[in-house]
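Asker: A predicted structure for the sequence below; I have some questions about it.
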Amino acid sequence: GAVVSQHPSWVICKSGTSVKIECRSLDFQATTMFWYRQFPKQSLMLMATSNEGSKATYEQGVEKDKFLINHASLTLSTLTVTSAHPEDSSFYICSARDATGGQPQHFGDGTRLSIL
Amino acid sequence: KQEVTQIPAALSVPEGENLVLNCSFTDSAIYNLQWFRQDPGKGLTSLLLIQSSQREQTSGRLNASLDKSSGRSTLYIAASQPGDSATYLCAVRGGSEKLVFGKGMKLTVNP
């Protein structure tokens, strides 16, 4: 089945550090990738939709300058949390949909980000 | 604005029981509905996808039904096993690509 690889799986860093998270579709091409954030005992909240070769579309309330998204190829999207602070600590999950359309979204294993 | 609700938030059952997990959504104009499983600290595994024109989907011991007009879906798990313990989320997709998730239901199946 379709596989989405997310790296790293766990990051601990100091406040003020910028952190990059990678999301790769391993066996299919993804024109669209999605970035979610999940707080403990809460559901996934969509942060932004990433389209290959164009600017990401951010959900209301998500700071685009804080969460930089790049989708440079059909198999890779990156999320950079700039100048991270403790309130950015969360579980970040990406998903990708096969470019052929009509397929379910496939999710990565997530990245646990802890800012000290 | 679409809202997805899953009640109860948690369920603990003995092994072997047949289970029904409920999901409701407020806007019936959906493209599809998807059930996921999430293990602690992990991402999501897609279990079943039901298109808006379909009534149900089956995979092994899992069966999901969709009643779009009433805004409801159920996930039926037959003969539950301890390995089924996880959080189960349902999500609906509207006209855009976006998925709207419920908060999930944490299932514990006791040996």
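Answerer: Arrived safely.

Asker: burial count for residue 17?
Answerer: Went with chain A since none was named. 15 (other CB atoms under 10 Å in any protein chain shown). Placement of C-beta: from N, CA and C, glycine included.

Asker: Chain B is the one I meant
Answerer: Residue B:17: 13 neighbours (other CB under 10 Å).

Asker: can I assume it is in contact with residue B:81?
Answerer: No - in this structure residue B:17 lies outside contact range of residue B:81 using CB atoms under 8 Å: 10.1 Å.

Asker: Quick one, grab the pLDDT at the closest residue in space to residue A:98 that isn't next to it in sequence.
Answerer: Spatial nearest neighbour of residue A:98, chain neighbours left out: residue A:28 (4.7 Å); criterion: CB to CB, 6 or more residues apart in numbering or on different chains. Residue A:28 is assigned 87 on the pLDDT scale.

Asker: Now for residue B:17 and residue B:81: what residues contact both?
Answerer: Residues touching both residue B:17 and residue B:81 (CB atoms under 8 Å, 6 or more residues apart in numbering or on different chains) are residue B:109.

Asker: centroid residue for chain A?
Answerer: Among the residues of chain A, the one closest to the centroid is residue A:35, at 3.6 Å (CA atoms, centre = their mean).

Asker: List the residues that contact that one.
Answerer: A:23, A:46, A:47, A:48, A:50, A:67, A:69, A:77, A:79, A:92, A:93, A:94.

Asker: and of those residues, the nearest to residue B:89?
Answerer: Among those, residue A:93 lies closest to residue B:89 (CB to CB), at 11.3 Å.

Asker: Hmm, the closest one is touching residue A:6, no?
Answerer: Yes - contact criterion CB under 8 Å: residue A:93 and residue A:6 qualify, at 7.2 Å.

Asker: does residue A:78 really touch residue A:24, like I thought?
Answerer: No - counting by CB under 8 Å, residue A:78 stays clear of residue A:24, with 9.6 Å between them.

Asker: Contact residues of chain B facing chain A?
Answerer: B:4, B:32, B:34, B:36, B:41-46, B:49, B:89, B:91, B:97-99, B:101-104 (CB under 8 Å from any CB of the partner chain).
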